[in-house]
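1. got a sequence here, can you build the structure:
(one chain, ligands or ions: 1)
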Amino acid sequence: MSLPISRQQALEFLKKYNQTERDFVHFLESEAVMKELAGKFGEDVEYWGMLGLLHDIDWGVTKNNPQEHLTQAPKLLKEMGFDENFIQIIVSHGYGFDCAGLQDKKRTSKIEFALACAETINGLIHSYALMRGKKISDMQVKGLKKKFKDKAFAAAVDRNIIRECENLDLGLDEFFDISIKGIKKIKDEIGLE
Ligand SMILES: [Fe+2]
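-> Model prediction:
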């Protein structure tokens, strides 16, 4: 699968529409988990990584009115040369949410489930790392699972979307392990230890 722009160009593209550091951490973590999943499944690591990196491209220009999230993304991505298939996968991470008229849509393909799970699990992992004094290097699946079960912890993280990993034939433990591994690899870039 070919990509119309390099990773460096994608970062510049993101900066044009997003200026918040915390949002960038989320983009990089989503990319890292997608790459790790692609590696696990023998899929195209660069392509899956690009989906993670750019999935919220219009967040910075729609977050004051979240119902508009993903209404701008197709146009912006098209201008950068991304094809309909790439754009549809990006938009699918909003299925089920009250944004861009996506509430009643359902994910069906492996790559759609992967993106939704990847962009959701990193919120839980990042919050847990902060609680642990920014430490991720020794984070264990068992501890993360406890936080997953504690619905009051990082309450905004939708546990049902994380459970969609079952559609990737991954149990929660395995998905947590893959996700922690992916994010660990970029810990220095995102202020974790
Ligand atoms: Fe996101």
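
2. alpha carbons only for contacts and neighbour counts from here, please
-> Noted.

3. which one is the residue nearest the centre of the chain nearest to, not counting chain neighbours?
-> Central residue of the chain (C-alpha atoms, centre = their mean): Glu119, 2.1 Å from the mean position. Excluding its sequence neighbours, the residue lying closest to Glu119 (C-alpha to C-alpha, 6 or more residues apart in numbering) is Ser30, at 4.8 Å.

4. same thing with Asp177?
-> Take Asp177 and drop its neighbours on the chain: the residue closest to it by C-alpha to C-alpha, 6+ apart is Val141, 5.9 Å away.

5. against Glu68, how distant is the one you found?
-> For Val141, the distance to Glu68 equals 35 Å [C-alpha to C-alpha, to the nearest Å].

6. can you check Gly60 too?
-> Gly60 sits 11 Å away from Glu68, going by C-alpha to C-alpha.

7. now the residue nearest to the centre of the chain: which helix or strand?
-> Using DSSP states H and E, Glu119 sits in helix 110-131.

8. list the buried ones in that helix?
-> Within helix 110-131, the residues that count as buried by 16 or more other C-alpha atoms under 10 Å are 111-126, 128-129.

9. next one: stretch 55-72
-> Neighbour-count burial for stretch 55-72 flags 55-62, 68-71 (criterion: 16+ other C-alpha under 10 Å).

10. same question for stretch 137-144.
-> Buried residues in stretch 137-144, counting neighbours by 16+ other C-alpha under 10 Å, are found at 139, 141, 144.

11. a markdown table for those, including secondary structure and distance to Ala10?
-> Converted to a markdown table, the buried residues of stretch 137-144 look like this (DSSP: H, G, I helix; E, B strand; the rest coil; distance: C-alpha to C-alpha, whole Å):
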| residue | secondary structure | distance to Ala10 |
| --- | --- | --- |
| Met139 | coil | 30 |
| Val141 | helix | 31 |
| Leu144 | helix | 31 |
